[in-house]
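A.B. asks: Model the following, please.
(one chain, ligands or ions: 2)
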Amino acid sequence: MSGPGTHPTHSDEPTRVMPSLAPATDGHMAPRAAASSEVVLDVRGLTHYFGDVCVLDHIDLQVRAGEIVGIIGPGGSGKSVLVKLCCGLLTPDAGQILVLGQDLREIDEKQRQALRTRIGLVFQNYALFDFMTVGDNVAFPMRQRGQATPEEISARVQERLAEVDLPKVQHLMPNELSGGMKKRVGLARANINDPELIFFDDPTAGLDPVTSSKIFNLIRRTQAQRNSTCIVISHDIDRMRPACDRYLLLADSKIYFQGTERDAMASDDPVVRDFFRRDEGVQ
Ligand SMILES: Nc1ncnc2c1ncn2[C@@H]1O[C@H](COP(=O)(O)OP(=O)(O)OP(=O)(O)O)[C@@H](O)[C@H]1O
Ligand SMILES: [Mg+2]
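C.D. replies: Ligands and ions are numbered 1, 2, ... in the order given. The predicted model follows:
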């Protein structure tokens, strides 16, 4: 894919999706908390190679508190790598990443661990511990933070599993769950500490359309209740639409486009428009 690089169509003010404009396809409407001017993720000149292959080339990206930003793009375009870099799971070859005001290059291991308790991550491949029960998997980040009693942890685990429509699975092992159930357990785990910033890597892959819509509505509802900031990778543009304020389209190792859906549909680049076309999967 070739293209014009970052489009200048992105406006400085994030678009706020009002509830009345954002029907969830499962029939429920989740309200939204407004975005603020505080930048919670600030990425400058981010560059990453695997061997000789440049996966991300001078990426600049700012996300404000309270935004829900969708990341889309072809398979292999670097979406998951971008998220892993922003969570500190990979170290970039060049560039600066500030997460919740902290420069990942400058913090020590202790500060990094403390920062991780403020961040949630839903992995693309579930990444559940297969030797732990579902309940222990969901509880894991809360236990690591070490500030809650066993009773508080147990109550929170039940609450988070109920939120993803899995009220009775905490004593099961991950290999007793379907792929979609594992995805939802991953969501419950990512939310357990009420993180300020949550990365969702393909949270609805392998889920049926109804559950997928529910998951995007849950993302939206969670943002509203906790005023968190969400970065959501997905190929499911139709179902992510009601949740996202704006989008980044990654391609050719760059941010090929960033802006709202309206910006995308006004673009004269057919590649951009194709990604946002309703009911047509181009990815
Ligand atoms: N650990 C790794 N070692 C070597 N190459 C890697 C590694 N992780 C990712 N890559 C490469 O980086 C590129 C981007 O991968 P990434 O997983 O970010 O793609 P993606 O956009 O998330 O794709 P998908 O939509 O299929 O999930 C791919 O070419 C991939 O092969
Ligand atoms: Mg990926």
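A.B. asks: Can you find the helix or strand in the protein with the smallest mean pLDDT?
C.D. replies: Ranked by mean pLDDT, DSSP states H and E, the weakest helix or strand in the chain is helix 209-226, scoring a mean of 86.
A.B. asks: Name the next helix or strand downstream of that one, please.
C.D. replies: As assigned by DSSP states H and E, the chain's next helix or strand after helix 209-226 is strand 229-233.
A.B. asks: any idea how far that next one is from the chain center?
C.D. replies: 3 Å (Cα atoms, centre = their mean, to the nearest Å).
A.B. asks: could I have the next helix or strand after it exported to PDB, CA atoms only?
C.D. replies: Tracing the chain C-terminally past strand 229-233 and defining elements by DSSP H and E, one meets helix 237-240 next. Coordinates of each C-alpha in helix 237-240 appear next as PDB, following Å, rounded to 0.1, in the frame of the first residue of the first chain:
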ATOM      1  CA  ILE A 237     -15.000  -1.000  11.900                       C
ATOM      2  CA  ASP A 238     -18.800  -1.400  11.900                       C
ATOM      3  CA  ARG A 239     -18.900  -2.400  15.500                       C
ATOM      4  CA  MET A 240     -16.200  -0.100  16.800                       C
END
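A.B. asks: Please, which helix or strand holds the residue in the stretch 1-150 of the chain that ligand 2 sits nearest to?
C.D. replies: Here the stretch 1-150 of the chain gets closest to ligand 2 at one residue, Ser80, 3.2 Å apart by Cβ to the ion. (C-beta placed from N, C-alpha, C; glycine too.) Under the criterion of DSSP H and E, Ser80 resides in helix 79-86.
A.B. asks: My guess is Gly120 contacts Asn191. True?
C.D. replies: Yes - Gly120 lies in contact with Asn191 (Cβ atoms under 8 Å); the separation is 5.9 Å.
A.B. asks: overlap in contacts of these two?
C.D. replies: Ile198 (Cβ atoms under 8 Å, 6 or more residues apart in numbering).
A.B. asks: so what's whichever residue of the stretch 101-250 of the chain sits closest to ligand 1 up against?
C.D. replies: In the stretch 101-250 of the chain, the residue that lies nearest ligand 1 is Gln124 (5.7 Å; Cβ to the nearest ligand atom). Residues near Gln124 by Cβ under 8 Å, 6+ apart: 80, 201-202, 205, 233.
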